[in-house]
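S.K.: A predicted structure for the sequence below; I have some questions about it.
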Protein chains: 2
Amino acid sequence: MKANFLRPLPKVAGFIPNLAYDSVIFGFNGKQLKILILEYHNTKLFALPGGFVKKDENLNHAVKRGLKERTGLDEIFLEQFYTFGDTARSRPDVMKRILEANYGVIAEDHWLLGRFISVAYYALINYEKVNPMPDELSDSINWYSIDELPPLMMDHGLIVEKAVQTLRENLERKLVGINLLPEKFTMKELQQVYEAILGKKLRRTTFQRRILGMDILERHEKLFLGTANKAPYLYSFKSITQ
Amino acid sequence: MKANFLRPLPKVAGFIPNLAYDSVIFGFNGKQLKILILEYHNTKLFALPGGFVKKDENLNHAVKRGLKERTGLDEIFLEQFYTFGDTARSRPDVMKRILEANYGVIAEDHWLLGRFISVAYYALINYEKVNPMPDELSDSINWYSIDELPPLMMDHGLIVEKAVQTLRENLERKLVGINLLPEKFTMKELQQVYEAILGKKLRRTTFQRRILGMDILERHEKLFLGTANKAPYLYSFKSITQ
DNA sequence: TTTTTATTGTCTCATTTTGTTACAATAATA
DNA sequence: TATTATTGTAACAAAATGAGACAATAAAAA
């Protein structure tokens, strides 16, 4: 949420003060919905990837920039979902631990120890195309299944909760699920994405009929996996033809 | 959006810099969906009511505070829907006009002429219970029908658009429509709210059956309006009984 | 080569929801 | 007492969804 994406101890000058962003980066491993969580050096603190906004930079651009550094990906589904602005969410004590573990003693009035309002985004990415990169402050960034998260610092647990809730609400309306899959996918894979997001099983025949009825998929060649059964077709998302 | 809710030319000290909020306050006059728009002194500039966040104040609380000043109402439906963070949305030239019309010459580096990221909220209120109050900077605040808005300054037109879109999306899912009506209302009034929000006519019998089927309304006495026809029942929203 | 197995694509029928029309009940007026 | 416009609800049609059945098939086993 705070001191990421930054190499030397960052100066406030270049950034908008008191404003941060956090990102909930979703991936799908074929079975479970996962998110990227980083762990700060020598603190056992787990947090969402986040960062700050430059003074002359669009908010959306700042988040894309951070995401690119983390995942290497450029053209991904990214949507803002809430801005967290309670005073109690900022925890100077926690920030201090993180900064001291990295840079030694920190001035009491350092800008990173102040209050932060954080704009939260969620991203949907293709799990297989990513090699997550930690930053200077953290020694690891890893995928965690959304129902096996480590205890997250500050209000990051709440942020994840709201992200999952938003994703569920948007699933039907905006077909966001597609962004978690590779270009071509089987109907079963698409159904598994839906099931992982909604957290419940769906009926195969009804699901297939409903999705095909939407007329948003293009059918391609079959996928032969070497298993002793009928091979499924591959589908891709129809590009909108204006 | 900017210099509202403030009596003397506000000092940056007490507020979080570069951060504002804007509110889209919806009301329903029985026929049309309306929003509150204010006009700044001697500028012919129309804007959404907005304000700033105190350094030690919850974001949500700041918005409630502003809304209370504007409408006198306390317990109203209020929901955050988007944070606008493009650099291009801030228009120092426009701000300068407003401030100079109120306070005379303004320093070039005044904080209000800087860049602002704005968290946008929409509110749903009972049109009849409100006597809108302008602030120091504006000489009027008035209801405008959402399809007859004056040209709004900066990106406020965009903010309204997104608010209406969000309201539509939330109408089914969260039954927000109820908040625009008085405590007790007829089925027809409720339908008119839905129609105003969705911007289309609904079928009476289907609407009535669907709403009643939700089991969220309590039926009360009839409402006799003196018209030569059957009197409708009054309904209220069932309070959630845990 | 033939049989077996699990999975896929699609069809059918039951159930539920929604669209549409009809109609009796009513509150005031003529 | 008849008329008028509106309301509440019933009745039926149409559409969407739930649930099961089944043939087609890809590879392995026999």
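M.R.: Noted; the coordinates are in hand.

S.K.: can you say which helix or strand has A:Glu39 in it?
M.R.: According to DSSP states H and E, A:Glu39 maps onto strand A:33-40.

S.K.: if you count contacts, what does the following helix or strand past that strand end up packed against?
M.R.: Note on strand A:33-40: by DSSP H and E, the next helix or strand toward the C-terminus is strand A:46-47. Packed against strand A:46-47 by the contact rule (3 or more CB pairs under 8 Å, 6 or more residues apart in numbering or on different chains; DSSP states H and E) you find strand A:33-40. (Each C-beta comes from the backbone N, C-alpha and C, glycine too.)

S.K.: one more pass at 10 Å, please.
M.R.: strand A:33-40, strand A:138-145, helix A:156-174 (3 or more CB pairs under 10 Å, 6 or more residues apart in numbering or on different chains; DSSP states H and E).

S.K.: neighbours around the residue in chain A that DNA strand C sits nearest to, how many?
M.R.: Nearest to DNA strand C in chain A, going by CB to the nearest atom of the strand, is A:Asn229, at a distance of 2.9 Å. Look at A:Asn229: counted by other CB atoms under 10 Å in any protein chain shown, it has 6 neighbours.

S.K.: can you report phi and psi for it?
M.R.: phi -160, psi 170 (degrees, to the nearest 10).

S.K.: which of the helices and strands packed on strand A:46-47 is buried the deepest?
M.R.: strand A:33-40 (a mean of 22; mean count of other CB atoms under 10 Å in any protein chain shown).

S.K.: adjacent strands (with direction) for that one?
M.R.: With DSSP bridges as the test, strand A:33-40 is paired with strand A:15-28 (antiparallel), strand A:46-47 (antiparallel), strand A:138-145 (antiparallel).

S.K.: orientation of the longest one relative to helix A:156-174 in degrees?
M.R.: With axes from the mean of the first three to the mean of the last three CA atoms, to 10 degrees as the basis, strand A:15-28 and helix A:156-174 are set at 60 degrees to each other.

S.K.: spell out which parts of chain A neighbour chain B.
M.R.: Applying CB under 10 Å from any CB of the partner chain, we find that chain A lies next to chain B at A:15-19, A:21, A:53-63, A:80-89, A:114-117, A:119-120, A:169-170, A:173-174.

S.K.: just the ones of those residues in helices?
M.R.: A:Leu59, A:Asn60, A:His61, A:Ala62, A:Val63, A:Glu169, A:Asn170, A:Arg173, A:Lys174 (DSSP state H).

S.K.: out of those residues, who's nearest DNA strand D?
M.R.: Within these, the smallest distance to DNA strand D is 12.8 Å, found for A:Arg173 (CB to the nearest atom of the strand).

S.K.: buried sites along stretch A:217-225?
M.R.: Within stretch A:217-225, the residues scored as buried using 16 or more other CB atoms under 10 Å in any protein chain shown are A:Leu217.

S.K.: list the buried residues in stretch A:191-208.
M.R.: Judged by neighbour count using 16+ other CB under 10 Å, the buried positions of stretch A:191-208 are A:Gln191, A:Gln192, A:Val193, A:Tyr194, A:Ala196, A:Ile197, A:Phe207.

S.K.: give me the phi and psi for the fourth one.
M.R.: Its backbone dihedrals place A:Tyr194 at phi -60, psi -40, with angles given as degrees, to the nearest 10.

S.K.: please apply the same query to the third one.
M.R.: Taking degrees, to the nearest 10, you get phi -60, psi -50 for the backbone angles of A:Val193.

S.K.: which residues touch it?
M.R.: Under the criterion of CB atoms under 10 Å, 6 or more residues apart in numbering or on different chains, the neighbours of A:Val193 are A:Phe28, A:Gly30, A:Leu33, A:Leu124, A:Leu171, A:Val176, A:Gly177, A:Ile178, A:Asn179, A:Leu180, A:Leu181, A:Phe185.

S.K.: if we can go back for a sec, pipe the helices and strands packed on strand A:46-47 into JSON lines and attach distance to DNA strand C per row.
M.R.: Listed next are these as JSON lines, based on distance: least, CB to the nearest atom of the strand, whole Å:
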{"stretch": "strand A:33-40", "distance to DNA strand C": "20"}
{"stretch": "strand A:138-145", "distance to DNA strand C": "22"}
{"stretch": "helix A:156-174", "distance to DNA strand C": "13"}
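
S.K.: how about these in CSV, adding distance to A:Leu202 and mean pLDDT?
M.R.: Converted to CSV, the helices and strands packed on strand A:46-47 look like this (distance: least, CB to CB, whole Å; pLDDT from 0 to 100):
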stretch, distance to A:Leu202, mean pLDDT
strand A:33-40, 15, 95
strand A:138-145, 19, 91
helix A:156-174, 11, 94
